[in-house]
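1. Quick one, what's the 3D model for this:
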Amino acid sequence: MIDLIKEAMNEKTVFIDESKLNTNFVPKKLIHREQEFKDLTRIFLPMLRDPDFSQKNVLITGNNGTGKTALTKRFGISFEEISKDFNFNVKYIHANCRLKKSNYIIMQHILHEFLPEFPQRGFSLYEIIRMLKDIIENQDVHLIITLDELNFLDVHDDNLIYILNRLGDEELRTRGRISIIGIEKNLNFIKGLDLSTLSSFQYNIIPLMPYSPDQVFDILKARATMALKPDAITAEILQYIANVTSRSGDMRYTLELLYRAGKYADQKQLERINPECIRYAQANTFENFDFNSLSILPENEKIMLLSIARYLKLTKKSYMTITEFKQHYQLICEEMNKEPLGKSYMYKLLGHLDECEFISLEAPRSKKRGEVTKIMVDVIPVEILEAKLEAML
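-> Residues are numbered from 1 along each chain as shown. Below is the predicted model:
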């Protein structure tokens, strides 16, 4: 088996550094997001000039792949670094609400940035908040916390945004020390916020527009220069990728397409990426579908999603009604020996699956007799969705 590893190491590759095509990679220069970076900077610049700076809440919105996470991470890293030149103590922390799953885990993550050895268990949420408050006072630090994918945040029980905003109201020394940058695809999330929290966001909203084909090409060219060997891809192929992905302007999908095309070229031992590599990548990449989010869905939601996928696959219909869903969901639960959810909770989770874009719920356009709510899956073939869910359950 060692010989196989050695053999693979001697094979040709089109890559210099695959990680530069990873969506978690944050370039030092964000192409075509300079204006939004300036807008974010102007909001927080008074922090470095005024010791009595009042905390700010900012909301970054935009479709998938418009650079929301990269923008905030690059800003946070840069702002934390330059604050040292002003003898000002700024700490930037990025928390993904989907990956952290609960307010408690998010607060643990924030505290771990200061206390890496802090235990995973044994403290309540409010004990952790008190510890964070003490750290802010003792270290004289200003926090900028990004809450990414806000739609996964629980704002009803222990509203974390409210807690962080109000942290320090009791004592002057910590007042205004925590600012929040929220990241969300659209503004629907803020409709569920209380008026106090809502008002803190409404004056600082930075929308990110989808990238144009020319902008996609520029970003692709920059990433390809870092990730691929000089002769591994031509400008013509980069333009081809930009053209086929320009409908959405989603750079995550675009970069994944280039990565998969490169891996296919390696598999075929090609010296450069050609159109056939792109076509292969397209056939194996699903635009706007996040398999990581699917994997961390609670079991109840996975079962509901499986019942939808299996029904649509078996019937070959484009949608199912709520009545059909309830019937098929009952059958899946019986098959898996699971207790079906109650009606109200089931509807709530359907709404969450729609919110997270695993399904689409289309309400009746009128109150005419016979018109029904439709449940659809339109971002991935249902056969693949079913297979993925079966492997997870």
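
2. before we move on, what SS does Lys29 have?
-> Assigned state for Lys29: coil (three-state reduction, DSSP: H, G, I helix; E, B strand; the rest coil).

3. And it, its phi and psi?
-> For Lys29, the backbone dihedrals are phi -120, psi 120 (criterion: degrees, to the nearest 10).

4. In the stretch 201-350 of the chain, where is pLDDT below threshold?
-> Residue ranges of the stretch 201-350 of the chain with pLDDT under 70: 202, 287-288.

5. can you count the residues close to the spatially closest residue to Cys333 that is not a sequence neighbour?
-> Among residues not flanking Cys333 along the chain, Pro340 sits closest, at 4.5 Å (C-beta to C-beta, 6 or more residues apart in numbering). The way it works is simple: take the backbone N, C-alpha and C, and place the C-beta from them, glycine included. Residues lying near Pro340 (other C-beta atoms under 10 Å) number 16.

6. With the one 10 residues further on instead?
-> Leu350 sits with 22 neighbouring residues when counted by other C-beta under 10 Å.

7. Which helix or strand contains it?
-> Leu350 belongs to helix 343-355 when elements are defined using DSSP states H and E.

8. Then Leu361?
-> Leu361 belongs to strand 360-362 when elements are defined using DSSP H and E.

9. any idea whether Lys91 is helix, strand or coil?
-> Taking three-state DSSP, the label given to Lys91 is strand.

10. Could I get the buried residue list for the helix holding Leu350?
-> Neighbour-count burial for helix 343-355 flags Met346, Leu349, Leu350, His352, Leu353 (criterion: 16 or more other C-beta atoms under 10 Å).

11. Same question for stretch 250-269.
-> By neighbour count on 16+ other C-beta under 10 Å, the buried set for stretch 250-269 is 250-266.

12. repeat for stretch 23-41
-> Per 16+ other C-beta under 10 Å, stretch 23-41 contains these buried residues: Val26, Leu30, His32, Arg33, Glu36, Phe37, Asp39, Leu40.

13. residues contacting the third one?
-> Shown in contact with His32 (C-beta atoms under 8 Å, 6 or more residues apart in numbering): Tyr211, Gln215, Asp218, Ile219.

14. and those as CSV, adding distance to Asp52, neighbour count and secondary structure?
-> Shown next, in CSV, are the contacts of His32 (distance: C-beta to C-beta, whole Å; neighbours: other C-beta atoms under 10 Å; DSSP: H, G, I helix; E, B strand; the rest coil):
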residue, distance to Asp52, neighbour count, secondary structure
Tyr211, 39, 27, coil
Gln215, 40, 18, helix
Asp218, 41, 16, helix
Ile219, 40, 21, helix
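
15. What sits closest to the residue positioned nearest the centre of the chain if chain neighbours are left out?
-> Nearest to the geometric centre of the chain sits Glu149, at 5.2 Å (C-alpha atoms, centre = their mean). Counting by C-beta to C-beta, 6+ apart, the nearest residue to Glu149 once its immediate chain neighbours are dropped is Arg98, at 4.4 Å.

16. Wait, the one you found touches Ser293, no?
-> Yes: using C-beta atoms under 8 Å, Arg98 is in contact with Ser293, at 5.9 Å.

17. In a markdown table: the buried residues of stretch 23-41, plus pLDDT, distance to Lys56 and secondary structure.
-> Formatted as a markdown table, the buried residues of stretch 23-41 follow (pLDDT from 0 to 100; distance: C-beta to C-beta, whole Å; DSSP: H, G, I helix; E, B strand; the rest coil):
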| residue | pLDDT | distance to Lys56 | secondary structure |
| --- | --- | --- | --- |
| Val26 | 95 | 22 | coil |
| Leu30 | 95 | 21 | coil |
| His32 | 96 | 25 | coil |
| Arg33 | 97 | 19 | coil |
| Glu36 | 97 | 16 | helix |
| Phe37 | 97 | 16 | helix |
| Asp39 | 96 | 12 | helix |
| Leu40 | 96 | 10 | helix |
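
18. Looking at the residues you listed, which one is closest to Gln55?
-> Distances from Gln55 to these, taken as C-beta to C-beta, are shortest for Leu40 (14.9 Å).

19. On the pLDDT front, check the residue nearest to that closest one when sequence neighbours are not counted for me.
-> Leaving aside its sequence neighbours, Leu40 sits nearest to Phe75 (C-beta to C-beta, 6+ apart; 5.0 Å). What the model reports as pLDDT for Phe75 is 98.

20. And Phe75, how far from Leu30?
-> For Phe75, the distance to Leu30 equals 9 Å [C-beta to C-beta, to the nearest Å].

21. which residues do these two both contact?
-> Common neighbours of Phe75 and Leu30 (C-beta under 8 Å, 6+ apart) are Phe37.

22. mind listing the helices for the stretch 251-393 of the chain?
-> Counting by DSSP state H, counting those that start in this stretch, the stretch 251-393 of the chain has helices at residues 251-267, 275-283, 291-295, 299-315, 322-335, 343-355, 382-392.

23. Turn these into a markdown table, columns for distance to Arg166.
-> Putting those into a markdown table (distance: least, C-beta to C-beta, whole Å) gives the following:
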| stretch | distance to Arg166 |
| --- | --- |
| helix 251-267 | 35 |
| helix 275-283 | 48 |
| helix 291-295 | 30 |
| helix 299-315 | 32 |
| helix 322-335 | 40 |
| helix 343-355 | 26 |
| helix 382-392 | 39 |
